[in-house]
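Chemist: Have a look at this prediction, sequence included:
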Amino acid sequence: MLGSSGEAVAVSYLKKQGYRIIDTNFRTDSGEIDVVAERNDVLVFVEVKARTSSSAGYPEDAVTNAKIRKIESAVRVYLRYHGGVDRAYRIDIIAVEPIMGKLAVTRHIEGI
């Protein structure tokens with residue numbers, strides 16, 4: 001499945017960049033967070049978007065305002081559930097696309 005493959009690529013990338021992975025696929029009634037990571041005492045909630053071709057546009061183009069609102073709602077639930085309402089955090093997008101036949105992170109957009 002493309003979604004889980006893209007998330008695995010994103011997790012590997014984040015680890016190589018010095019992030020500590022805290023959780024994956026955190027689900028709430030209001031939405032899902034693909035990856036929860038931490039670096040430099042900042043929680044990073046990551047939306048991973050993967051594409052097998054550019055025919056549908058860039059992966060990050062699929063992160064609409066409505067999708068951002070769902071992510072923000074899920075983040076609030078996560079922070080309440082894990083006692084982190086006062087923690088510094090941001091929401092990032094990681095775009096995953098094929099490069100020379102293999103899925104790879106093509107863009108990491110910090111702080112949407």
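Modeler: That came in fine, so what should we check first?

Chemist: Could you give the average pLDDT over the longest helix along the chain?
Modeler: When the chain is parsed with DSSP state H, its longest helix is helix 65-81. The average of the pLDDT scores along helix 65-81 is 94.

Chemist: Stretch 41-56: end-to-end distance?
Modeler: Start-to-end span of stretch 41-56 (C-alpha to C-alpha, to the nearest Å) is 36 Å.

Chemist: buried stuff in stretch 13-29?
Modeler: Applying a neighbour-count criterion of 16 or more other C-beta atoms under 10 Å, one finds 13-14, 19, 21, 24, 26 buried in stretch 13-29. In this view, the C-beta of every residue, glycine as well, is placed from N, C-alpha and C.

Chemist: still on that earlier bit, ok and whichever helix or strand comes after the longest helix of the chain relative to helix 65-81, angle-wise?
Modeler: Later in the chain than helix 65-81, the nearest helix or strand by DSSP states H and E is strand 89-99. Relative orientation of strand 89-99 and helix 65-81, computed by axes from the mean of the first three to the mean of the last three C-alpha atoms, to 10 degrees: 130 degrees.

Chemist: Which helix or strand in this structure has the lowest average pLDDT?
Modeler: helix 2-16 (a mean of 88; mean pLDDT, DSSP states H and E).

Chemist: Name the residues of the longest helix of the chain that are buried.
Modeler: 70-71, 74-75, 77-79.

Chemist: ditto for stretch 34-44
Modeler: Judged by neighbour count (16+ other C-beta under 10 Å), stretch 34-44 contains these buried residues: 34-37, 43-44.

Chemist: Find the pair from these with maximum spatial separation.
Modeler: Pairwise distances among the buried residues of stretch 34-44 were taken by C-beta to C-beta; the largest, 13.8 Å, belongs to Asp34 and Leu43.

Chemist: List the contacts of Asp29.
Modeler: Taking C-beta atoms under 8 Å, 6 or more residues apart in numbering, we find Asp29 in contact with no residue.

Chemist: Please read off the pLDDT at the residue of the chain most remote from its centre from the model.
Modeler: Distance from the centre of the chain peaks at Met100, with 23.2 Å (C-alpha atoms, centre = their mean). On pLDDT, Met100 comes in at 89.
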